[in-house]
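Engineer: How does the following fold in three dimensions:
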Amino acid sequence: MKRVMIIGQPGSGKSTLARKLGKVTGLPVVHLDQIHWKPGWEPRSPAEKLPLVRAAEAGESWIIEGNLASTWQSRLSRADTVVILDLPVALRAWRIFRRTLIGYGNSRPDLPDNCPERFEPEFWHYVWTTRNTYRQRLHGFARQACDRADTYLLRSPSEVRAFLRSVSPDRTAAPLPLAHPLT
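Structural biologist: Next comes the predicted model:
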């Protein structure tokens, strides 16, 4: 385990898993939200952010978490481990609500400065309207990824905890690829 790709829908725990996995393995963590956003919630253009992502991907070792689907293939081409978080929408919504309420007005560590938590109706609309289509996209990617890298499809907090427990400091993980059959 030298290059780990973590993807999942909003609120699935990508950033938290990346931080915890980084502590266990010593691998550097890259949060794609820090690349996508500039301070003040200003999005970077593709011309600005793609070179930054490519530079991160070129590293010898990394944990890159985040969705930026336009980079899935290039990340997969270098990743030896892919973790796909597929948690229920109700749990994800609760997590988003809780983190927004607790951190309201403050920036999270996985975001640039001056990107304070706030309630955004457009974001909630996105979470709700993409809950099924994005899930299908994640599962399609999992099918593709399992031929190229150790692939973990985790569907509950207990599975995420079990995955973390299975990873040792020497960067090996128990053989749990595709914890669930893809349907």
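
Engineer: if you go through this protein in chain order, where are the helices?
Structural biologist: 14-25, 32-36, 46-57, 72-78, 89-103, 121-129, 133-145, 157-166 (DSSP state H).

Engineer: Contacts for the fifth one next, please.
Structural biologist: What that stands for is helix 89-103. By C-beta atoms under 8 Å, 6 or more residues apart in numbering, the residues outside helix 89-103 that reach it are 9-13, 108, 116-119, 123-124, 127-128, 131, 157. Just so you know, the C-beta spots here come from the backbone N, C-alpha and C atoms, and that holds for glycine as well.

Engineer: most neighbours, which of the residues you listed?
Structural biologist: Counting neighbours by other C-beta atoms under 10 Å, residue 12 leads the contacts of helix 89-103 with 26 neighbours.

Engineer: among the contacts of helix 89-103, which two are most distant?
Structural biologist: Largest separation among these by C-beta to C-beta: 116 and 157, giving 26.5 Å.

Engineer: how near is residue 118 to residue 4?
Structural biologist: For residue 118, the distance to residue 4 (C-beta to C-beta, to the nearest Å) stands at 30 Å.

Engineer: If I look at residue 109, what pLDDT would I see?
Structural biologist: Per-residue pLDDT puts residue 109 at 88.

Engineer: need the contact list for it.
Structural biologist: 15, 19.

Engineer: Now it. Its backbone dihedrals?
Structural biologist: phi -70, psi -20 (degrees, to the nearest 10).

Engineer: Compare the helices of the chain and give me the one nearest residue 112.
Structural biologist: Distance to residue 112, taken as C-beta to C-beta, is lowest for helix 32-36 among those, at 5.7 Å.

Engineer: Can you report how many residues neighbour residue 4?
Structural biologist: Neighbours around residue 4, by other C-beta under 10 Å: 29.

Engineer: Which residues does it form beta bridges with?
Structural biologist: Beta-bridge pairing for residue 4 (DSSP bridges): residue 63, residue 81.

Engineer: wait, it sits on residue 21?
Structural biologist: Yes - using C-beta atoms under 8 Å, residue 4 makes contact with residue 21 at a distance of 6.6 Å.

Engineer: which neighbours do those two share?
Structural biologist: Residues touching both residue 4 and residue 21 (C-beta under 8 Å, 6+ apart): 27, 63.

Engineer: mind listing what residue 81 touches?
Structural biologist: Neighbours of residue 81 in contact, by C-beta under 8 Å, 6+ apart: 1, 3, 4, 5, 149, 150, 151, 152, 173.
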